[in-house]
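model this:
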Amino acid sequence: MEEIPVEKIIRSYRRTIALEITSGATLVVRAPRRASAADIEEIIRQKSSWILRKIGEIKRRPCLPCHDYADGEMFLYLGRSYPLQIVEDGSITIERGDRLYVSRTLMPDIRNQLKNWYREEARGEISARCMYFSLKTGHFPVTIRITDAQQRWGSCTPKGGVNFSWRLIQAPPEMVDYVVVHELVHLIQPDHSKKFWDKVRKIMPDYEIRRYWLKDHVGLLKI
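Below is the predicted model of the structure:
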């Protein structure tokens, strides 16, 4: 059996041993304070196939950009990559054409300026998709908010509102549609039961493909 290194063992007053594969493709063990090294090794041995499979899946995920905001650097918008071009024209703030044009006057605060631009673009695009699927399904949110969430693509509020991370606007349109449908169905089915997934499938039969794409590209939430 291939040796599986453990990054760290976290002990607490929990009752069972849990295995966690991190986003960096390493193994973290959460164990009871009294769990022996032999107990931990046995759990790892029993779950070795699952551990290696999950580590392999994470390592195969696409590398996501770490932005330096330099000319030619690629930025995603609805699944398409646009090279950044800094322009001297002060009348342009941020414009999307064949490239993503940004005025040099914004350079001192370019990260926040691009973030605000993405957020406004997401507000228009995602709200429009919400309206389309609300009319199609009959599920109408009380509010639609674009947030700075870094852990979830979307969420549903107890009062009937839906929230979407502005980062979702980087994903292809079909992935945006999946997140919109997911949250709209939550308005009438708050859990992730079989009934919930059956409702999603009725609207979007290929939802599983879209769901796994978002899992593989979850790093976009961290940008």
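
Which helix runs longest in this protein?
Longest helix in the chain by number of residues (criterion: DSSP state H): helix 110-137.

Which positions within the lowest-mean-pLDDT helix or strand in the chain qualify as buried?
Every helix and strand in the chain was compared by mean pLDDT, DSSP states H and E; the lowest is helix 48-60, with a mean of 87. Taking 16 or more other CB atoms under 10 Å as the neighbour-count basis, helix 48-60 is seen to contain the buried residues 51, 54-55. All C-beta atoms are positioned from the backbone trio N, CA, C, and that covers glycine.

Nearest to V180 among those residues?
Using CB to CB, the shortest approach to V180 within the buried residues of helix 48-60 belongs to K54, at 28.3 Å.

Flag the shaky bits of the chain, pLDDT-wise.
1-2, 62-65, 223 (pLDDT under 70).

now the strands: where do they sit in it?
Using DSSP state E, the strands of the chain run over 6-12, 18-21, 27-32, 74-77, 80-87, 94-96, 100-103, 144-147, 154-156, 162-165.

ok, and which of those has the densest surroundings?
Mean neighbours per residue, mean count of other CB atoms under 10 Å, is largest over the strands of the chain for strand 162-165, with a mean of 23.

which secondary structure elements does it contact?
Of the remaining helices and strands, those touching strand 162-165 by 3 or more CB pairs under 8 Å, 6 or more residues apart in numbering; DSSP states H and E are helix 110-137, strand 144-147, strand 154-156, helix 173-186.

Which strands or helices does the second one pack on?
Packed against strand 144-147 by the contact rule (3+ CB pairs under 8 Å, 6+ apart) you find helix 110-137, strand 162-165.

Likewise for the longest one?
Other elements packing on helix 110-137 under the criterion 3+ CB pairs under 8 Å, 6+ apart are strand 74-77, strand 94-96, strand 100-103, strand 144-147, strand 162-165, helix 173-186, helix 194-203.
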